[in-house]
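[1] here's a sequence, model it:
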Amino acid sequence: MIDYSLIDHPSLLRFIFYPRKDFTSCPANGFDLSVEVGEGAFIFCRFYTGHHDWPWILFFHGNGEVVSDYDEISLFYHQKELNLVVADYRGYGMSSGVPTLTGLARDAHIIFKKIRKELSIKYLQKDLWVMGRSLGSISAFELAYNYQEEMKGLVVESGFPSIVRIMTHLGIPASEMGLERIDQECLERIQKIFVPTLILHGEQDWLVPLQNAKDIYRHLGTKEKKLLVVPTATHNDIMLVGFKEYFNSLQQFIEETK
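    You can find the predicted model right below:
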């Protein structure tokens, strides 16, 4: 696992994480799961079940979002015959603890294993794709690098190859802190990811510039990769602006990688 200790300090983390406490009752077609991740912390996950035979996407959401934001969005996945399970982060939604980059990466392993076990226990479809949006791309890449035999494919929406790129973009002097090593290690790990990958990015994303998606595409080790750039879309409206092509490409990707 990448050593994020140089970044995991309150003075820097306040620019990276924007935890929000929010919660809704579980929809009738879903169920909730609390995952113990150690140090007395629990991560809240919600399963949105459309049909027990449909494939599952394990989704790591963006910053400032929480699981319950996907109560309605999950219905769009169901229209494409896809089940969705969304995981929070420490300090987000109903989850306990304080978010750190080290925790984000470490917790992803525990969540992934627990989700797979839960699908087996409930006799649900075991085929699992991992998807990360923005901040969630850190968790998604962590899993794609470590569990290539256990997952069917990777989807990255509005993501970035390393948090160092975003810190630099936001004006945080990463070079002065010697963070180039972390950036390089992230790129090296992406080069060793060989699962099929779909990258979705907004053309006018100024928070996570499009070049990040292009760098991910260029460095990925897999030959089964596709980059979909949604014209005029920004960081937070990519799904709405490119609604049809967004979900059609996602459905097609899942079908092709079953």
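
[2] residue 18 is in contact with residue 64, correct?
    Yes: judged on Cβ atoms under 8 Å, residue 64 makes contact with residue 18 at a distance of 4.5 Å. C-betas here are computed from N, CA, C, even on glycine.

[3] wait, residue 185 touches residue 4, no?
    No: the pair residue 185 / residue 4 is not scored as a contact, 10.4 Å apart, by Cβ under 8 Å.

[4] and these two? Which one has more around it.
    residue 4 (20 against 14; other Cβ atoms under 10 Å).

[5] who are the contact partners of the spatially closest residue to that one that is not a sequence neighbour?
    Nearest non-adjacent residue to residue 4, counting by Cβ to Cβ, 6 or more residues apart in numbering: residue 101, 3.8 Å away. Neighbour list for residue 101: 4, 7-8, 13, 16, 138, 163 [criterion: Cβ atoms under 8 Å, 6 or more residues apart in numbering].

[6] how about 6 Å then?
    Counting by Cβ atoms under 6 Å, 6 or more residues apart in numbering, residue 101 makes contact with 4, 7-8.

[7] just the pLDDT for residue 73.
    For residue 73, the model assigns a pLDDT of 96.

[8] also residue 4?
    At residue 4, pLDDT is 92.

[9] now it: how far from residue 100?
    To residue 100, residue 4 is 7 Å away according to Cβ to Cβ, to the nearest Å.

[10] repeat that for residue 133.
    From residue 133 across to residue 100, the span is 19 Å (Cβ to Cβ).

[11] for the stretch 151-258 of the chain, just list every one of the helices.
    163-169, 180-190, 211-219, 238-241, 243-256 (DSSP state H, counting those that start in this stretch).

[12] Throw these into a markdown table and include mean pLDDT and distance to residue 110, thanks.
    Listed next are these as a markdown table, based on pLDDT from 0 to 100; distance: least, Cβ to Cβ, whole Å:
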| stretch | mean pLDDT | distance to residue 110 |
| --- | --- | --- |
| helix 163-169 | 91 | 20 |
| helix 180-190 | 94 | 19 |
| helix 211-219 | 98 | 25 |
| helix 238-241 | 96 | 28 |
| helix 243-256 | 97 | 25 |
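
[13] for residue 156, which of these is the nearest?
    The closest approach between residue 156 and any of the helices of the stretch 151-258 of the chain, judged by Cβ to Cβ, belongs to helix 211-219 at 6.3 Å.

[14] tell me the contacts of residue 239?
    Counting by Cβ under 6 Å, 6+ apart, residue 239 touches residue 246.

[15] make 10 the starting number, not 1.
    Okay, residue one is now 10; in that scheme the one you just asked about reads as residue 248.

[16] point out where the stretch 60-209 of the chain drops to low pLDDT.
    Where the stretch 60-209 of the chain drops to pLDDT under 70, the residues are 183-185.

[17] hmm, 90 instead?
    73, 131-135, 176-177, 179-190 (pLDDT under 90).

[18] and the contacts of stretch 165-177?
    Residues external to stretch 165-177 that are found in contact with it (Cβ under 6 Å, 6+ apart): 141-143, 146, 183, 188, 191-192, 195-196, 199, 208-210, 214, 217, 221, 224-225, 244.

[19] okay, how far is it across that stretch, tip to tip?
    21 Å (Cα to Cα, to the nearest Å).

[20] burial measure for residue 240, as a count.
    By other Cβ under 10 Å, the residues close to residue 240 number 10.

[21] residue 125 now?
    17.

[22] same check, this time on residue 81
    Neighbour number of residue 81 under other Cβ under 10 Å is 10.

[23] do the same with residue 60
    Counted with other Cβ under 10 Å, residue 60 comes out at 12.

[24] on that earlier part again, okay, and which of the contacts of residue 110 map to strands?
    Judged by DSSP state E, the contacts of residue 110 include no members of strands.

[25] same list, those residues, but as a markdown table with distance to residue 115 please.
    Converted to a markdown table, the contacts of residue 110 look like this (distance: Cβ to Cβ, whole Å):
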| residue | distance to residue 115 |
| --- | --- |
| 13 | 10 |
| 16 | 14 |
| 17 | 11 |
